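Peer 1: output the structure for:
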Amino acid sequence: MGVVRSATHGVLTGLVGPFGERFPGVSLAAREMNSLAQVEALGAGRLDVGFLYLPPDRGPGDLEAETFAEEPLVAVLPAYHPLADSRRVRLDAMFGEPFVVADRAREPGWNEQFREACKGHGFAPGVAVETTELLVALGFVAAGPAWRCFRPPSAT
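Peer 2: Numbers count the residues shown, from 1 in each chain. Reported below is the predicted structural model:
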């Protein structure tokens, strides 16, 4: 099975235990993969199941898709940020902030969902960095204003 990184923190943990109890003779081989790679591997028969963000421009075709879980959008802010101590941060309060987001080329579904959420709050996000690596994203956030000189990748 293919799994996007975010699924390993909740969705997968709630699934593996009950699956193992119900099917004790079945072994699982899980592989962390971005959504686009999972769609391709599922289509080619290299995966039996995938937990992913379905890309909006690529329907499942011969694949059966089902919403398994929904995740909240979470803001990660440097400690000195004025909103860092807030228990909840409204998305529109982030207008004008530089965003570090999932790479559009590898996670088009997540990226599109994020952009649509911002649009629903009346703004287009200023994307400064796109990455699929959580530690890279956290590093840019921790660096704060020092990385704001980076420009977003050109839209394709």
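Peer 1: so the most centrally placed residue in the chain: helix, strand or coil?
Peer 2: In the chain, the centroid-proximal residue (Cα atoms, centre = their mean) is W110; its distance is 5.0 Å. Put simply, W110 is helix when judged by DSSP: H, G, I helix; E, B strand; the rest coil.
Peer 1: my read: it touches E116, true?
Peer 2: No - W110 is not in contact with E116 according to Cβ atoms under 8 Å; the separation is 10.8 Å. All C-beta atoms are positioned from the backbone trio N, CA, C, and that covers glycine.
Peer 1: roughly how far does the residue of the chain most remote from its centre sit from L15?
Peer 2: In the chain, G25 marks the outermost C-alpha relative to the chain mean, sitting 31.9 Å out by Cα atoms, centre = their mean. Per Cβ to Cβ, to the nearest Å, G25 is found 17 Å from L15.
Peer 1: do the same with V4
Peer 2: For V4 relative to L15 (Cβ to Cβ), the value is 14 Å.
Peer 1: quick one: low-confidence parts of the chain?
Peer 2: The model of the chain has pLDDT under 70 over residues 55-61, 145-156.
Peer 1: if we use 80, what do you get?
Peer 2: Applying pLDDT under 80 to the chain flags the ranges 5-13, 54-63, 68-73, 134, 144-156.
Peer 1: any chance you could map the strands in it?
Peer 2: 2-3, 31-32, 50-51, 98-102, 126-131 (DSSP state E).
Peer 1: turn those into TSV, including distance to E71.
Peer 2: Shown next, in TSV, are the strands of the chain (distance: least, Cβ to Cβ, whole Å):
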stretch	distance to E71
strand 2-3	13
strand 31-32	16
strand 50-51	11
strand 98-102	12
strand 126-131	18
